[in-house]
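> 3D model of this:
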Amino acid sequence: YGWVVAFAGFFMHLALGTMYCWGTFTPYVTSYLRKYNGSLGYSDTIIAFLAAPAAQALGMPIGGMIEQKLGPRWTSLIGGWIMSFGVILSAFTTTVSGLVTTYGILYGIGMGIAYMCPIKCGYRWMPKRKGIISGIVVTGFGLGGAVFNIVGASICNPGNKAGDPYFGDDVANRVPTMFTILGCIYALCTTLGALALRDPTDAEKRAIEHEAEAESKEMDEEPYGETNTCYIFCSSSGKKSQPSRDVEMRRPLNPKVHPSATTDKTLQEMLKDPKGYLLFAMMGMTTASGVLVVGTYKTFGASHGISDQFLTFIGSLSLCFNGGGRLLYGYLCDKYGFKLSLLVDFFSQFVIGSFLVASIVSPATFSIVVCLMIMNYGGNFAMYPTVTAEMFGTNHVATNYGFVFAGFAFSSIILKICLSSTFLSYSAVVYGTAIASGIAGGCVFILTTKDLKKYLNWGGSDKK
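Residues are numbered from 1 along each chain as shown. Okay, here's the model as predicted:
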């Protein structure tokens, strides 16, 4: 039933992930609000988008506490309904503060309450496949934006008219209709997905534990040369050799299972561990470039002459990459361990992000860079829940990950300040977020340096 939970969570996250539609919706929404306040610009309305992850960070621990009492099904229903209600109420807002309240705070809190429910439920059914569970569920979060980008654009701008830089009343007046239709669809998606969630019964828990123990025992007793895993054999001299009685050590280069936390830590216990704060900081640094691209790619591309229709296509395509990145990095976490996966994601984002400004020379290069950046960005949301569960246990993963996720919200606030600054250019902010990803890559070595060397089999034999 774990696979049913994973795909039910995927369906739920199609609606939860519509936060990423902001890049496509912002020209329409801003144009609508300018009917009531002509001085508004994109730098003013982006606060609604940035408020959503901050509210989500508040909603996640609340969702964790509710889930402990009511279970994943009812918690998901409550969160999904709050989120959908916020979207529907947005149809009646005519100010930025109203939009922040409905499309930022209400939307974000509801999203946060429901977000971890299918993931945590899936961990209970498939404890040995945390990476792929996270990957499948949050792939929906990435793809949801791709689907609803097109739906929203077809409602507001069916004629593919160009904004200069804002749209006229014929496009702007369709915004309330868009919010109403989308809110109803989101409610349907989250409700159907939530109804399929349930925790295993006591008998099913015993069967799951027995299966996990059998799998671990099978791996421990696996003979040499009978797996797809490559082994290094080290004799006392430190040289590679064939298996023999003097074998001192056998270590897999590519282990399929990485060590899990031996005890479950509560949020209070996690806050006493410096690794928790390091994960918080890393989350902020590695998501900054993705938030920047999602929130500004359309206005940046339009300012360089790229059409609204093509930018909407880029947005949907990039969010397909967002979903694919989540599935890819979730798989890599299970296959090679989370540490190596983090390194690949963070350092590649540093390199790719450095070319964002230069890529605007053509729509094709801009599309490639945006898609790759958002793919790596999406990978964060498959890996960090897995990392949190592996380091601090699964019993309190919803509340613990809520703290880690707050790093994402914090970076959104910093981005808003930077983008509004008169002293920083857009290019400077882009390069700054790329550098932040590189710094986070270095932090991976700090996270558990000794364990990382052992995991990657660096340094050869361990002499006794």
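
> Now do the strands in the stretch 151-300 of the chain.
Ranges of strands in the stretch 151-300 of the chain, per DSSP state E, counting those that start in this stretch, are 231-234, 249-252.

> quick one: A382 and E269, what's the gap?
To E269, A382 is 25 Å away according to CB to CB, to the nearest Å. Quick note: C-beta positions are derived from backbone N, CA and C, even for glycine.

> Between these two, which has more neighbouring residues?
Neighbour tally, A382 and E269, criterion other CB atoms under 10 Å: the higher count belongs to A382, 33 against 15.

> Is it correct that that one is in contact with R326?
Yes - proximity of A382 to R326 meets the contact threshold set by CB atoms under 8 Å, at 4.3 Å.

> what is in contact with those two at once?
Counting by CB atoms under 8 Å, 6 or more residues apart in numbering, the contacts common to A382 and R326 are 134-135, 138-139.

> Are any of those buried, and if so which?
Among the shared contacts of A382 and R326, those classed as buried by 16 or more other CB atoms under 10 Å are 134-135, 138-139.

> okay if I get these as TSV plus secondary structure, distance to V87 and pLDDT?
Formatted as TSV, the buried ones among the shared contacts of A382 and R326 follow (DSSP: H, G, I helix; E, B strand; the rest coil; distance: CB to CB, whole Å; pLDDT from 0 to 100):
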residue	secondary structure	distance to V87	pLDDT
S134	helix	25	82
G135	helix	26	82
V138	helix	20	84
T139	helix	22	84
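
> Redo those residues as JSON lines? Include distance to A440.
Written out in JSON lines, the entries for the buried ones among the shared contacts of A382 and R326 read as follows (distance: CB to CB, whole Å):
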{"residue": "S134", "distance to A440": "19"}
{"residue": "G135", "distance to A440": "20"}
{"residue": "V138", "distance to A440": "19"}
{"residue": "T139", "distance to A440": "22"}
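
> Between the residues you listed, which sits nearest T30?
Sorting those by distance to T30 puts V138 at the head of the list, at 28.4 Å, by CB to CB.

> separation between S154 and L182?
Using CB to CB, one gets 11 Å for the distance from S154 to L182.

> same check, this time on L33
17 Å.

> Give the burial count for G142, as a bare number.
Using other CB under 10 Å, G142 has 29 other residues around it.

> Offset the numbering so it begins at 44, please.
Got it, first residue is 44 now, which makes that one G185.

> didn't it look like it was pressed against L362?
Yes - contact status for G185 versus L362: in contact at 5.6 Å, counting by CB under 8 Å.

> Give me the common contacts of the two.
Taking CB under 8 Å, 6+ apart as the contact criterion, the common neighbours of G185 and L362 are 60, 63, 417.

> From the centroid of this structure, which residue is nearest?
Centroid-nearest residue in the chain: F424, 2.5 Å away (criterion: CA atoms, centre = their mean).

> Could you measure from that one over to S197?
Counting by CB to CB, the separation of F424 from S197 is 27 Å.

> can you check A91 too?
A91 sits 22 Å away from S197, going by CB to CB.

> What of T429?
The spacing between T429 and S197, counted by CB to CB, is 36 Å.

> If you count surrounding residues, which of those two has more?
The residue with more neighbours, out of T429 and S197, is T429; 27 against 12, by other CB under 10 Å.

> Now do the contacts for that one.
Taking CB under 8 Å, 6+ apart as the definition, contacts of T429 comprise 173-174, 177, 373, 376, 381.

> Apart from its neighbours in sequence, what residue is nearest K308?
Nearest residue to K308 in three dimensions, chain neighbours excluded: F435, at 4.4 Å (CB to CB, 6 or more residues apart in numbering).

> Any idea how many residues pack against that neighbour?
Should you count by other CB under 10 Å, F435 turns out to have 27 residues around it.

> now swap in S133 and tell me
Around S133 there are 25 other residues, counting by other CB under 10 Å.

> so what pLDDT did it get?
Looking at S133, its pLDDT is 95.

> Relative to V413, how far out is the closest residue to Q352 other than its chain neighbours?
Of all residues not flanking Q352 in the chain, N203 sits nearest, at 4.3 Å (CB to CB, 6+ apart). The spacing between N203 and V413, counted by CB to CB, is 20 Å.

> and these two? which has more neighbours close in?
Here N203 and V413 are set side by side on neighbour count (other CB under 10 Å), and the busier one is V413, at 26 against 12.

> pretty sure the more buried one contacts Y340?
Yes - the pair V413 and Y340 passes the contact test of CB under 8 Å, sitting 5.4 Å apart.
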